[in-house]
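In: Please work out how this folds:
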Amino acid sequence: VDLDPATMASLGVTATTVSSQLKAVQADTSGGLGEIGGTRQTLRTLGALPSVEALKALRIPLANGQQVRLDDVASVTDSFAERSSMAYLDGKPVIAVEINRSNGFSDSGVADDVDKAIKQFASKHSNVQIKDAYSTIGPIIENYNGSMHMLYEG
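Out: Alright, predicted model coming up:
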């Protein structure tokens, strides 16, 4: 989303307003709990827009109570970003990926799913070398196990 400052100024739209609207619709959030079949299940609210066209049509409120479409005050495209950083492992350039869990999901569950996906990918692409450079899951599991041990002792 590349904002057009001249158009925004003429309509009285601020970048903060646009940013707030984007944050409001582009987030998957915890939806609370629901009872299904006598058991409680966590719910997740899917709030992300399904397409670039839907994002273009996002309504932005004006100070006078009217609304404009996002594509009236910005250029909205689906493309790749310009390189802004480089990743190196052992002094050699690599492709790095950071994976974060969404609210409402288990760290260990996400780590297990990522491991399965990586193994599946690696089996199909033997020419690609995959290395885990850093992970926070080890300390999380150790803390959990330590807490459970203390509960058993208590």
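In: And the pLDDT for Ser135?
Out: On pLDDT, Ser135 comes in at 86.
In: I misspoke; the intended subject was Val114.
Out: 91.
In: That one: what secondary structure?
Out: helix (DSSP: H, G, I helix; E, B strand; the rest coil).
In: Count the residues that sit near Val149.
Out: Just so we're on the same page, residue 149 is His rather than Val. 10 (other Cβ atoms under 10 Å). Every C-beta, even on glycine, is put in place using the N, C-alpha and C of the backbone.
In: which SSE is it in?
Out: Using DSSP states H and E, His149 falls within helix 137-153.
In: From the chain's centroid, how far away is that helix?
Out: Here helix 137-153 is found 28 Å from its chain centre; the criterion is Cα atoms, centre = their mean, to the nearest Å.
In: Please apply the same query to stretch 139-154.
Out: For stretch 139-154, the distance to the chain centre is 29 Å (Cα atoms, centre = their mean).
In: And for stretch 108-126?
Out: How far stretch 108-126 lies from its chain's middle: 19 Å, per Cα atoms, centre = their mean.
In: For the residue nearest the centre of the chain, give me the backbone phi and psi.
Out: Closest to where the C-alpha atoms of the chain average out (Cα atoms, centre = their mean) is Ser102, at 6.6 Å. Reported as degrees, to the nearest 10, the phi and psi values for Ser102 are phi -90, psi 160.
In: Check Leu58 too.
Out: Dihedral angles for Leu58 - degrees, to the nearest 10 - are phi -60, psi 130.
In: who's in contact with it?
Out: Residues in contact with Leu58 (Cβ atoms under 8 Å, 6 or more residues apart in numbering) are Gln21, Leu22, Val25, Leu49, Arg69, Leu70.
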